[in-house]
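Asker: model the structure of this input:
(chains A and B)
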2 protein chains.
Amino acid sequence: MERLPRQMNDNSLPISIQPIAIARATDEPDVMVIEVKPEFGEALLLIEEQKHLLVLYWMHRLTESDRATLQVHPRGDMSVPLHGVFATHSPGRPNPIGVTRVELIKVEGNTLFVRGLDAFDGAPIIDIKSG
Amino acid sequence: MERLPRQMNDNSLPISIQPIAIARATDEPDVMVIEVKPEFGEALLLIEEQKHLLVLYWMHRLTESDRATLQVHPRGDMSVPLHGVFATHSPGRPNPIGVTRVELIKVEGNTLFVRGLDAFDGAPIIDIKSG
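Answerer: Predicted coordinates for the structure are as follows:
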C-alpha cells in the first residue's frame, strides 16, 4: 500500500455526515423501525434478502460534556479502574457512533422493522450494511 | 422507551465528526499503525488490556460520485442483480464509514499497532471501541 504525502490527508478538517434515516421506537419492546429518507430509498433494493444488518447511528442525546469525557469507570463500576473510552464500549466518546447488529424482521416501503437496535427513539441513522 | 416530540430530533442537520486519529501503512503487510491525536491520548488508558478493537474509519479516497451511488452489483459481479448499497458491504455509500475488528498487537505512547485494518494509508479514524 503506497504512502501518500501527508498534505493530501488533512485530518484536521471535520467530516460532515448526513443522516440517511431515523430510528423510531415501537409498542413492541426490542423492536424499532428505521425510517429511511425517501432520497435514499433506492439504496434498499433487495435488502429483504438480509437476515441481519449492521446499523451505525448517532447517539444524539449525548451532550458536549459527554463527548469531552475521555476516561470512565467501565459500566459505571467504581471498583474498576478508570479506562480510556477507546478501551471501552462507553457511549460517551468524542464521536458517539453506535454500531449494532440487528435482526431484520420485515421491510415495508422505506421502513425497516428491526430487532435488537439499542438506539434511543429519534436517533439519526448514518449507515446500514449487510450484517 | 418514550417517544420524543419530532421537533427535538432534527434529522436534516449534518453531523460534524472530528477525526481522532489517522491510519498509516507499515512495511509489514496487514499491519497498520493508528496514530491517535495527542489531545485524545487520555482516551487510550489501559487499552493494552484489549486483544481486539473495533475501529471506525472514514473512507477518505471515495469521491462525491461514489457517495452518490445507491445501487451496485455486489463485489462488482455483473451476474448478480443490482442491490441497494444498504443491502451490501460496498464501500461506496452516502456516509462511507468502514467498521473493522482488528487485533491489537502493541501500544507505544499514542500509537496503536494493529493487524487486519482494511483502511487505506491516511484514512481518518473516527472511533475506537473495545472489540
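Asker: so residue A:16 touches residue B:18, yeah?
Answerer: No: contact criterion CB atoms under 8 Å: residue A:16 and residue B:18 do not qualify, at 11.1 Å. Using the backbone N, CA and C atoms, a C-beta is placed for each residue, glycine as well.
Asker: what's the longest strand in chain A?
Answerer: Longest strand in chain A, counting residues (DSSP state E): strand A:97-108.
Asker: so for it, what gets flagged as buried?
Answerer: By neighbour count with 16 or more other CB atoms under 10 Å in any protein chain shown, strand A:97-108 contains the buried residues A:97, A:98, A:99, A:102, A:103, A:104, A:107.
Asker: which stretches of chain A have low pLDDT?
Answerer: Scanning chain A for pLDDT under 70 picks out the ranges A:1-12.
Asker: strands of that one, residue ranges please.
Answerer: Under DSSP E, chain A gives strands at A:15-17, A:21-25, A:31-36, A:52-58, A:71-72, A:83-84, A:97-108, A:111-115, A:124-130.
Asker: say whether chain B is contacted by the fifth one.
Answerer: To tie it back to what came earlier, the one meant is strand A:71-72. Yes: Strand A:71-72 reaches chain B (CB under 8 Å from any CB of the partner chain) through residue A:71.
Asker: follow-up on the earlier one: partner strands of the longest strand of chain A, parallel or antiparallel?
Answerer: Next to strand A:97-108 in the sheet, as set by DSSP bridges, lie strand A:52-58 (antiparallel), strand A:111-115 (antiparallel).
Asker: let me have those in a markdown table, adding mean neighbour count as columns.
Answerer: Formatted as a markdown table, the strands paired with strand A:97-108 follow (neighbours: other CB atoms under 10 Å in any protein chain shown):
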| stretch | mean neighbour count |
| --- | --- |
| strand A:52-58 | 21 |
| strand A:111-115 | 20 |
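Asker: tell me the angle the longest strand of chain A makes with strand A:21-25.
Answerer: Strand A:97-108 runs at 80 degrees relative to strand A:21-25, counting by axes from the mean of the first three to the mean of the last three CA atoms, to 10 degrees.
Asker: what residues does strand A:97-108 touch?
Answerer: Identification of contacts with strand A:97-108 by CB atoms under 8 Å, 6 or more residues apart in numbering or on different chains yields A:31, A:44, A:47-48, A:50-59, A:91, A:112-119, A:123, A:126, A:131, B:17, B:54, B:56, B:97, B:99, B:126-127, B:129.
Asker: what angle sits between that strand and strand A:124-130?
Answerer: 70 degrees.
Asker: would TSV of the strands paired with strand A:97-108 with distance to residue A:80 be doable?
Answerer: Output for the strands paired with strand A:97-108, formatted as TSV (distance: least, CB to CB, whole Å):
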stretch	distance to residue A:80
strand A:52-58	27
strand A:111-115	30
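Asker: closest one to residue B:77 among the ones you listed?
Answerer: Nearest to residue B:77, of all those, is strand A:52-58, at 21.0 Å by CB to CB.
Asker: so the closest one versus strand A:31-36, what angle?
Answerer: With the same axes, to 10 degrees as the basis, strand A:52-58 and strand A:31-36 are set at 70 degrees to each other.
Asker: I appreciate the help and will end here.
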